[in-house]
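>>> Next comes the sequence, and after it the predicted model I'd like to discuss.
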Amino acid sequence: MFKKILIANRGEIACRVIRTARQLGIASVAVYSEADANARHVRLADEAVLIGPAPARESYLVGARIVEAALQSGAEAIHPGYGFLSENAEFAAACERAGVIFIGPPVAAIRAMGSKSAAKSLMERAGVPLTPGYHGERQEPDFLAEQAALIGYPVLIKASAGGGGKGMRRVDRAADFEAALASCRREAASAFGDDRVLVEKYILQPRHIEIQVFGDRHGHCVYLFERDCSVQRRHQKVLEEAPAPGMTPERRAAMGRAAIDAAQAVGYVGAGTVEFIAHHDGSFYFMEMNTRLQVEHPVTEMITGLDLVEWQLRVACGEPLPRRQDQLAIDGHAIEARIYAEDPDKGFLPSTGRLTHLAPPAASAHVRVDTGVEQGDEITPHYDPMIAKLIVWGADRRQALARMRQALAQYRVVGVQNNVEFLARLIALPAFAEADLDTGLIEREHEALFPQREPVPAEVWLLAALAEVEREQRQAERAAAGASDRDSPWRRLDGWRLNGRATRQLLLRAGEVQQAVGIESQAGGGLVLTLGGQRVDARASLGPDSELQAQLGERRVRAAVVAAGERRHVFFEGRSWPLALANPLQAGVGSNEAEGSLRAPMPGKVIALAVAAGALVDKGAALLVMEAMKMEHTIAAPCRGRVKSFHFEPGDQVGDGADLLAFEPEG
């Protein structure tokens, strides 16, 4: 077994590999960019090496620096994780030339599967079923448009060297093909350094099912069953589960055999994933093979009881696979939810900022949290905005769903927009609960997943007020403890008065809604809260990590109220409400910000101007295209109007909230 390995990645996957390495007694070397100098994976590793500035192209994608770091640190092997250089054949070859073992498949296998077009041709020869489409080398826009017409709309344009939903567009009509192709190519070139694409028939209501395969250097190959990854947004997975609901033993065996055929066709060694588009009628088509460990590998680990990273390390050392196919079995059901710093209500735009409060559910034999960040860390615009992967296990799918609901209700994130509540709504959908799955689920259930925001419940206002009183009391107690007159009655906040009890009002705000909560101290330490003319006897205890145990009238409840500056984030009954302490002197003062302001939704780079200055455009017309976190984001006209001028040119970096252009609405 290796004595020391270098991990050529960051975030949760680097932390994940470090964990297994430590269990096996293997020392770990982290690499990091300037932006990641204090990152969790750097803190966890036995040693770490700086490899460049924040942009991935100047650090995590510079293979020569990573190989040099491995040689200097004495690492015998490099684990590439996923993303970055994990499927880069030139990097794997560079490791080989330097005498460092690449913990992954042979260079030839990466090359064979690295081009989706070439892989499709190879799979066709191996007898693996394929989706109808054009997978050739010709890339002229007119020729590709002709192929799309022959295939028949809708079609899917996909980056040939792509993955993770980047460089992928569905096109429903010929008039949209040219613009979609240009956008795909820009995104593919930025993310993968290769703008080649393929065009396939878009299969309506498909399921996305992938098979985990593993090969060794002794000619053995097994499949570790399947994962259903159908629930996606923007062609990126949101929920994954294993095994796939409704999978019959016969279909599982057929897909497993096809996956092994695909792997053996390229002499595959190590962990790989063969992805299929599957129909409800039982048919399936090869989509691509990812020559690396997948983000969603934990669900496979949970149902098999195996450590796939350990398998990777053992196979890379030349050992045979730890188990044969007949020794593998499925135990229970596992579901993974990806916790992202993003705003679902704004098209899942990534969010950046400091994680001022981060409290995941407690880990157990049934609940697992894989993360690369901790409270106080920052989500930057340089890398993928994943906060964590939340994985649960149950004896069956029903129990796994119940545990996922409970775990999401316990997850608390403050400091960035996040998708926790969206995920809770998603798994509560009858369609998901009944396993009516396909890749269009989120779009189909849009109304249920994006409901109108309800008014803040009365309990939430009351809990915020109770937590504030408790917090003030704690502050007074701490101040008194360090004072010379600690026993002075003037330092007490018990509300005592000579001829009555103290009363006050606390003014809170949620968006444009302001609410006054009356607070009256009672003998014996209780409070009477007044909200909307209703009086409620109340008392509370504020525990560690902002936990609040409260009694409201006859009802006892548990919540959390996190203070962040003037904000008070109330977590109650599986939902969260961002409130703020309002200044009574500013009550009634509204916002002067104009609606439809055309500002940058996040830090990023302007990559294209869609219209000319002076153009008259209709509502929804594309005006400008930004790139942030490896994805394109189109800024659209909020109404009919005229573009007076652009404030930036293609290639310019812009900050969060920057005014991008001058726009004049027309009546």
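It's in.
>>> switch to C-alpha atoms for all contacts and neighbour counts from now on
Will do.
>>> Low-confidence ranges, the stretch 301-450 of the chain, go.
Counting by pLDDT under 70, the stretch 301-450 of the chain contains no low-confidence range.
>>> show me where it has helices.
With helices called from DSSP state H, counting those that start in this stretch, the stretch 301-450 of the chain shows them at 308-316, 397-410, 420-428, 430-433, 441-444, 446-449.
>>> Could you dump those into JSON lines with mean neighbour count added?
Formatted as JSON lines, those follow (neighbours: other C-alpha atoms under 10 Å):
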{"stretch": "helix 308-316", "mean neighbour count": "22"}
{"stretch": "helix 397-410", "mean neighbour count": "20"}
{"stretch": "helix 420-428", "mean neighbour count": "19"}
{"stretch": "helix 430-433", "mean neighbour count": "13"}
{"stretch": "helix 441-444", "mean neighbour count": "15"}
{"stretch": "helix 446-449", "mean neighbour count": "14"}
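>>> Could you check how far Ser576 is from Gln551?
For Ser576, the distance to Gln551 equals 19 Å [C-alpha to C-alpha, to the nearest Å].
>>> Any idea how far apart the tips of stretch 131-139 sit?
Span of stretch 131-139 from end to end, C-alpha to C-alpha: 19 Å.
>>> Relative to Thr503, which of the helices of the stretch 301-450 of the chain is closest?
When the helices of the stretch 301-450 of the chain are ranked by proximity to Thr503, the top entry is helix 397-410, at 34.1 Å, counting by C-alpha to C-alpha.
>>> got the CA coordinates for the closest one in CSV?
Taking C-alpha atoms only, helix 397-410 is exported to CSV below (Å, rounded to 0.1, in the frame of the first residue of the first chain):
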residue,chain,number,x,y,z
ARG,A,397,-37.0,3.8,0.1
ARG,A,398,-39.8,4.9,2.3
GLN,A,399,-37.6,5.0,5.4
ALA,A,400,-34.8,6.7,3.5
LEU,A,401,-37.2,9.4,2.4
ALA,A,402,-38.4,9.9,6.0
ARG,A,403,-34.8,10.3,7.2
MET,A,404,-33.9,12.7,4.4
ARG,A,405,-36.9,14.9,5.3
GLN,A,406,-35.8,14.9,8.9
ALA,A,407,-32.1,15.6,8.0
LEU,A,408,-33.0,18.6,5.7
ALA,A,409,-35.3,20.0,8.4
GLN,A,410,-32.2,20.1,10.7
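>>> what residues does that helix touch?
Contacts to helix 397-410, defined as C-alpha atoms under 8 Å, 6 or more residues apart in numbering, come from residues 332-335, 359-361, 367, 391-394, 420-421, 423-424, 427-428, 433, 573-575.
>>> if we go to 7 Å?
Here helix 397-410 makes contact (C-alpha atoms under 7 Å, 6 or more residues apart in numbering) with 333-335, 360-361, 392-394, 420, 424, 573-575.
>>> which residues of the stretch 201-350 of the chain fall in strands?
Remark: strands assigned in the stretch 201-350 of the chain by DSSP state E, counting those that start in this stretch are 207-215, 221-228, 232-233, 236-237, 239-242, 270-278, 284-290, 333-340, 342-343, 349-350.
>>> what is the rounded mean pLDDT of the fourth one?
If I follow you right, that is strand 236-237. Throughout strand 236-237, pLDDT has a mean value of 90.
>>> Could you shift the numbering so residue one becomes 50, and keep it that way?
All set: I'll call the first residue 50, so the last point we hit is now strand 285-286.
>>> so who does Phe695 touch?
Ala662, Leu709, Leu710, Ala711.
>>> meant to ask about Phe51
So Phe51 contacts Ile75, Glu125 (C-alpha under 7 Å, 6+ apart).
>>> one step back: mind giving me CSV with the strands of the stretch 250-399 of the chain and columns for mean neighbour count and distance to Ala612?
Listed next are the strands of the stretch 250-399 of the chain as CSV, based on neighbours: other C-alpha atoms under 10 Å; distance: least, C-alpha to C-alpha, whole Å:
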stretch, mean neighbour count, distance to Ala612
strand 256-264, 25, 41
strand 270-277, 24, 39
strand 281-282, 18, 32
strand 285-286, 18, 32
strand 288-291, 27, 31
strand 319-327, 24, 43
strand 333-339, 23, 43
strand 382-389, 25, 22
strand 391-392, 18, 21
strand 398-399, 23, 23
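>>> From the contacts of Phe695, pick the one nearest Gly214.
Closest approach between the contacts of Phe695 and Gly214, by C-alpha to C-alpha: Leu709, at 26.6 Å.
>>> hang on, isn't the closest one packed against Arg648?
Yes: using C-alpha atoms under 7 Å, Leu709 makes contact with Arg648 at a distance of 5.4 Å.
>>> So those two - more neighbours on which side?
For Leu709 versus Arg648, the count of surrounding residues by other C-alpha atoms under 10 Å is larger for Leu709: 21 against 16.
>>> Got the confidence number for the more buried one?
Leu709 is assigned a pLDDT of 92 by the prediction.
>>> Same question for Lys250.
87.
>>> Touching, it and Ile200? I think so.
Yes: taking C-alpha under 7 Å as the definition, Lys250 is a contact partner of Ile200 at 6.1 Å.
>>> any common contacting residues for those two?
Both Lys250 and Ile200 are in contact with Gly182, where contact means C-alpha under 7 Å, 6+ apart.
>>> Where does the prediction get shaky in this structure?
Applying pLDDT under 70 to the chain flags the ranges 212-213, 531-550, 632-646, 678-679, 716.
>>> again, only this time at 50
Applying pLDDT under 50 to the chain flags the ranges 540, 547-548, 634-645.
>>> Would you mind finding the longest helix in it?
Criterion DSSP state H: the longest helix present in the chain is helix 507-530.
>>> Flag every buried residue along that helix.
Neighbour-count burial for helix 507-530, with 16 or more other C-alpha atoms under 10 Å as criterion, is recorded at 509-520, 522, 526, 529.
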